[in-house]
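*Asks:* prediction below, plus the sequence it came from.
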Amino acid sequence: MEIAITGATGQLGSRVARMLAERGVPQRLVVRDPSRAPQLPGAEVAVASFEDEAALREALSGVRTLFMVSAHESEDRMPEHRGAVRAAVAAGVERVVYTSFMGASPLATFTFAREHSLTEQLIAASGLRLTALRNSLYADMLPLFVQDGVIRGPAGDGRVAWVARRDVARLAVEALLDARHADRIWDVSGPEPLDLHESARILARVTGREVRYEPETDEEAAASRAGAEPWQIAGWAGSYKAVATGETSVTSHTIEHVTGTAPWGLEEFLRGEPESWRHLAP
């Protein structure tokens, strides 16, 4: 079994798994709950999680290339990532394709981007060959930012090169199948950086519902999330502040260069996957 997929029941991992199956590629789906694993030709299911290092090591036995979807956001997910990397090394995995974040750095504004940077370093230092997909904010998430017709956050007039999960999945498949992508860090974005006013107008035009963006100060943003855990507030506000600083405005040609097909822009995505905004329909 050449390839294993973690997060195969999630939004991105399931897309990658389906695309591999469509191309007739054998794969191992590493899941917590086997009843939720996608039923795909050429795929076998192994039950494990990042927290259970022994089970994960067994699940990765014989695998050469691992698609490692980052663990769920939490106060500190680095112990899970360390366990996953140790298990991969012990199982004999040679290469990891990892879902990172645009601008991953120890000094990144977005707190979770700092964790992604640490994870990239961890994988590379372990001796595994790393392909890091530094994804911009998902276009799929934009409709979920709307509350009562308004997108609020401390993003100022910064821009986002929104990228569709569908296009990240297409890139991930190519990275998994071609070892020439080893030892590379790819910036992964959509075709155009948009500020949130423009993003809201596009969302309104497609959905037929009034949507607008209201910038918040840091104090307003913190107050609007009162009651949440401090790490949750820092992560939520940090994603908007990364927009404000320009860290999410990078526009790359990675997807088109690697896959041969340009990624969707925001409006293309919204029209192509209307289920992403169905909850906003008037």
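*Replies:* Nice, I can see it.
*Asks:* and stretch 254-269, how far apart are its ends?
*Replies:* For stretch 254-269, the first-to-last residue distance is 18 Å (C-alpha to C-alpha, to the nearest Å).
*Asks:* residues in contact with it?
*Replies:* With contact meaning C-beta atoms under 8 Å, 6 or more residues apart in numbering, stretch 254-269 is reached by 139-140, 142, 162-164, 166-168, 170-171, 174-175, 181, 186-192, 194, 199, 202-203, 205-206, 272, 276. Heads up, the C-betas are built off the backbone N, CA and C, glycines and all.
*Asks:* one more: stretch 52-61?
*Replies:* Against stretch 52-61 from outside (C-beta under 8 Å, 6+ apart): 4, 28, 30, 46-50, 66, 83-84, 86-88, 90-93.
*Asks:* and with 7 Å instead?
*Replies:* Outside stretch 52-61, the residues that touch it by C-beta atoms under 7 Å, 6 or more residues apart in numbering are 4, 30, 46-50, 66, 83-84, 86-88, 90-91, 93.
*Asks:* tell me the mean pLDDT for it?
*Replies:* Per-region confidence: stretch 52-61 scores 97 on mean pLDDT.
*Asks:* list the buried residues in it.
*Replies:* By 16 or more other C-beta atoms under 10 Å, the buried positions in stretch 52-61 come out as 53, 55-57, 59-60.
*Asks:* swap in stretch 212-231?
*Replies:* Quick answer for stretch 212-231 (16+ other C-beta under 10 Å): 213, 215-216, 221-222, 224.
*Asks:* what's the answer for stretch 85-104, then?
*Replies:* For stretch 85-104, by 16+ other C-beta under 10 Å, it's 85, 87-89, 91, 93-104.
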